[in-house]
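A.B. asks: Got a predicted structure plus its sequence, pasted below:
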Amino acid sequence: MALILEVRGMKPEMGQDCFLAPNATVVGDVKMGRECSVWFNAVVRGDVNSIRVGNRVNIQDCAVLHTTYKKSTLVLGNNVSIGHSAVVHGCTIHDNVLVGIGATVLDHAVVHENSIIAAGAVVLEGTVVEPNSIYAGVPAKRVKTIEPEQTRDMIQRISKNYTLYASWFQEKTP
């Protein structure tokens, strides 16, 4: 069973049909929408400030979501995929965004809709990621503009896939 902890009087709240892997950790001031998933060894740590998660968000294996005490909150829109081992810290990520495997997004960064943060990229504090773009590198820079429909379709497909994967773990066994 996932580790769900109340901290400073704040207990995580999950929407309908959310999946938390048995060794996922969700702590404190965290509110998740519908059909979200927090995968194996992922940590969503709302102990020092709030974390708000939209609908159909998947937080993949070993990802870490956190904030800075009294300085930053974390907001994720709908249909957001946080890749394996990514670190998302005190930032705002709008709808239909993919944060790639091992990427880092730091405090006060804003990632606009239909964007991709490439695997291993580091989005520095305060960076504004333009809509419909791919950012890559260290530090992350815009490398390509993409068609909104193309990005939205791909990111929504990933989001739907993770909803499907989560259903496999929620099926009742005889």
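C.D. replies: Received, thanks.
A.B. asks: Which other helices and strands does the longest strand seen in the chain contact?
C.D. replies: Taking DSSP state E as the criterion, the chain has its longest strand at strand 43-53. Here strand 43-53 touches strand 25-32, strand 64-66, strand 74-76, going by 3 or more C-beta pairs under 8 Å, 6 or more residues apart in numbering; DSSP states H and E. Heads up, the C-betas are built off the backbone N, CA and C, glycines and all.
A.B. asks: quick one: which of those strands is nearest Arg157?
C.D. replies: Nearest of these to Arg157, taken as C-beta to C-beta: strand 74-76 at 18.0 Å.
A.B. asks: Which elements pack onto that closest one?
C.D. replies: Checking 3+ C-beta pairs under 8 Å, 6+ apart, strand 74-76 ends up next to strand 43-53, strand 64-66, strand 87-89, strand 92-93.
A.B. asks: which one of the ones you listed lies closest to Gly100?
C.D. replies: Here strand 87-89 is closest among the helices and strands packed on strand 74-76 (C-beta to C-beta), at 11.5 Å.
A.B. asks: contact partners of that closest one?
C.D. replies: Contacting residues not belonging to strand 87-89 are listed as 63-68, 72, 74, 76, 82, 99, 103-107 [C-beta atoms under 8 Å, 6 or more residues apart in numbering].
A.B. asks: at 7 Å what do you get?
C.D. replies: Outside strand 87-89, the residues within contact range by C-beta atoms under 7 Å, 6 or more residues apart in numbering are 64-67, 74, 82, 99, 104-107.
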